[in-house]
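A.B. asks: Quick one: sequence and predicted model below, then my questions.
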Amino acid sequence: MANLFPEEKEWGAGADSLELTDALDGQSSGAGGAGGMFGRSWLFDFEAGEFRMTPTRKIVPADETAAWIMWCEKAVRTARYHHIIYSRNYGQEYEGLIGRGMSREALESEIQRMTTEALMADPHTERVDQFSFRWSGDACLFSCRVMNVREDTAVLEGSVTV
């Protein structure tokens, strides 16, 4: 039986770790450029709360732009610091606005700041702008335009109840 803790080999050294490092570098090398990879994903239906399926019940793959748009939408829908699976810079902090007694203008400014911060955490996101706000009772409905480094754009919508 092979030794699970070999003493003669230094961890992180050797051919296996070099191959893994090269493979990981190849995946992330394009984060700042237009030619880089955005990653893979599958289409998710946020309204239904499930992945989109083909008639043969296979999950529909998303192209790179659709995967990035889904990442953006999910980041705006996910509360920051609530799920240990995500890093500390993933998600938004809208919950902190509840009951603060701020003016609508101040709340809109904070929603814009928090949304921009959440979306700019991804190096593929180039810009977040064109915010619009609409109030319905205690709920602030908002939309914004998000652009990636390839200049693909999408309009995201969200709401915050204060």
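C.D. replies: Great, that's in hand.

A.B. asks: Val60 versus Glu50, what's the distance?
C.D. replies: Noted for Glu50: a distance of 11 Å to Val60, by Cβ to Cβ, to the nearest Å. For every residue, glycine as well, the C-beta is placed using N, CA and C.

A.B. asks: let me fix that: Ala106
C.D. replies: With the distance defined as Cβ to Cβ, Ala106 ends up 41 Å from Val60.

A.B. asks: Ser136: neighbour count?
C.D. replies: Ser136 has 9 neighbouring residues, counting by other Cβ atoms under 10 Å.

A.B. asks: What residues does it make contact with?
C.D. replies: Applying Cβ atoms under 8 Å, 6 or more residues apart in numbering to Ser136 gives no contacts.

A.B. asks: So what's the predicted local confidence for it?
C.D. replies: At Ser136, the pLDDT value in this model is 95.

A.B. asks: longest helix anywhere in this structure?
C.D. replies: Using DSSP state H, we find that the single longest helix of the chain is helix 104-119.

A.B. asks: Could you list the buried residues of the helix or strand following that one?
C.D. replies: Going down the chain from helix 104-119, the next helix or strand is strand 125-136, by DSSP states H and E. Neighbour-count burial for strand 125-136, counted by 16 or more other Cβ atoms under 10 Å, picks out Thr125, Glu126, Val128, Phe133.

A.B. asks: Next: stretch 141-155.
C.D. replies: Phe142, Cys144, Val146, Met147, Asn148, Val149, Arg150, Asp152, Ala154.

A.B. asks: Now do the same for the last one: helix, strand or coil?
C.D. replies: Reduced to three states with DSSP: H, G, I helix; E, B strand; the rest coil, the structure at Ala154 is strand.

A.B. asks: Verify the stated contact: it with Cys144.
C.D. replies: No - using Cβ atoms under 8 Å, Ala154 makes no contact with Cys144, being 9.5 Å away.
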